[in-house]
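Asks: Fold the following.
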Amino acid sequence: GSFADTKEDMSFRKYLCRGTVNVLAESTMIAIAHNINKLHRKIQSGKIGQHLFELKTA
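Replies: Residues are numbered from 1 along each chain as shown. Prediction:
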């Protein structure tokens, strides 16, 4: 999943800060960076605004 992508693709090996609050803040920043990278790839490939499946109508 995304944890493996973060470790391998972003070369994340260890936390730079100590303490629960600092590690949580660093993890949040890494998660945001991962989501921005995913969004960037979607924009570059032209897949923004497309659904995986057709929407069902009532």
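
Asks: Show me what the worst-scoring helix or strand of the chain on mean pLDDT is packed against.
Replies: For the chain, using mean pLDDT, DSSP states H and E, the weakest element among its helices and strands is helix 2-9, scoring a mean of 74. Packing contacts for helix 2-9, counted by 3 or more Cβ pairs under 8 Å, 6 or more residues apart in numbering; DSSP states H and E, involve helix 20-45. All C-beta atoms are positioned from the backbone trio N, CA, C, and that covers glycine.

Asks: quick one on the thing from earlier: only alpha carbons, please: show the least confident helix or strand of the chain as CSV.
Replies: Output in CSV follows, covering the C-alpha atoms of helix 2-9 (Å, rounded to 0.1, in the frame of the first residue of the first chain):
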residue,chain,number,x,y,z
SER,A,2,0.9,3.6,0.5
PHE,A,3,3.3,2.9,3.3
ALA,A,4,5.4,0.7,1.0
ASP,A,5,5.2,3.4,-1.7
THR,A,6,6.4,6.0,0.7
LYS,A,7,9.3,3.9,1.9
GLU,A,8,10.5,2.8,-1.6
ASP,A,9,9.6,5.7,-3.9
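
Asks: Now it: buried residues?
Replies: T6 (16 or more other Cβ atoms under 10 Å).

Asks: what separates N22 from L55, distance-wise?
Replies: 42 Å (Cβ to Cβ, to the nearest Å).

Asks: These two - which one has more neighbours?
Replies: N22 (12 against 5; other Cβ atoms under 10 Å).
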